[in-house]
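> kindly return the folded structure for what I paste below:
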Amino acid sequence: MAVSAILLCATVGFARENRNNVSKEPFAINFEKLSYYLQLTPSQTGEVANINEFFLDKQRESLRASESQQQKKMHQAVYGNLKLMKKTLNEKQYADYARVLNVTLQNKGIEVK
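Numbering: from 1, shown residues only. Next up, the predicted model:
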């Protein structure tokens, strides 16, 4: 129960709030909170920051795509992000990151199939 509460509290802080324009803007992960939550090593910090920037760029790209292509492009952005994170993070960090990303996507109303 305590772990669930901590995960919920951590998740709330990761995504920047913008409920009025959920589908119009990419969501950014608060890097400072993510770094603390995942307990990134110094060697992981720069790589994760670069992956997050790449993820933002891919989200923007998906939002500029035609309406019929937006979901496909967002799917590619999310899974590309997960693939890069899996190479950078250890197993526990990756599992924690995947959970947080999944909850964040659900909270933002983004469906990735």
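> I'd say R60 and E53 touch.
No: counting by CB atoms under 8 Å, R60 stays clear of E53, with 10.8 Å between them. (Each C-beta comes from the backbone N, C-alpha and C, glycine too.)
> most centrally placed residue in this protein?
For the chain, the residue nearest the mean C-alpha position is L101 (4.5 Å; CA atoms, centre = their mean).
> list the buried residues for the helix or strand H75 falls within?
Taking DSSP states H and E as the criterion, H75 maps to helix 67-88. Buried positions in helix 67-88, judged by neighbour count with 16 or more other CB atoms under 10 Å: 73-74, 77-78, 81-82, 84-85, 88.
> and N30, what pLDDT?
N30 is assigned 83 on the pLDDT scale.
> for the remainder of this discussion, apply numbering that starts at 12.
With 12 as the first residue, the last one maps to N41.
> do you know how far it is from Y48?
10 Å (CB to CB, to the nearest Å).
> and the two? Which one has more around it.
Y48 (20 against 14; other CB atoms under 10 Å).
> which strands or helices does the host helix or strand of that one pack on?
For Y48, the element it lies in under DSSP H and E is helix 42-49. On a contact count with 3 or more CB pairs under 8 Å, 6 or more residues apart in numbering; DSSP states H and E, helix 42-49 meets helix 13-25, helix 53-75, helix 102-118.
> quick one, that helix and helix 53-75 angle?
130 degrees (axes from the mean of the first three to the mean of the last three CA atoms, to 10 degrees).
> buried residues, helix 42-49. List them.
44-46, 48-49.
> quick one: distance of it to the chain centre.
12 Å (CA atoms, centre = their mean, to the nearest Å).
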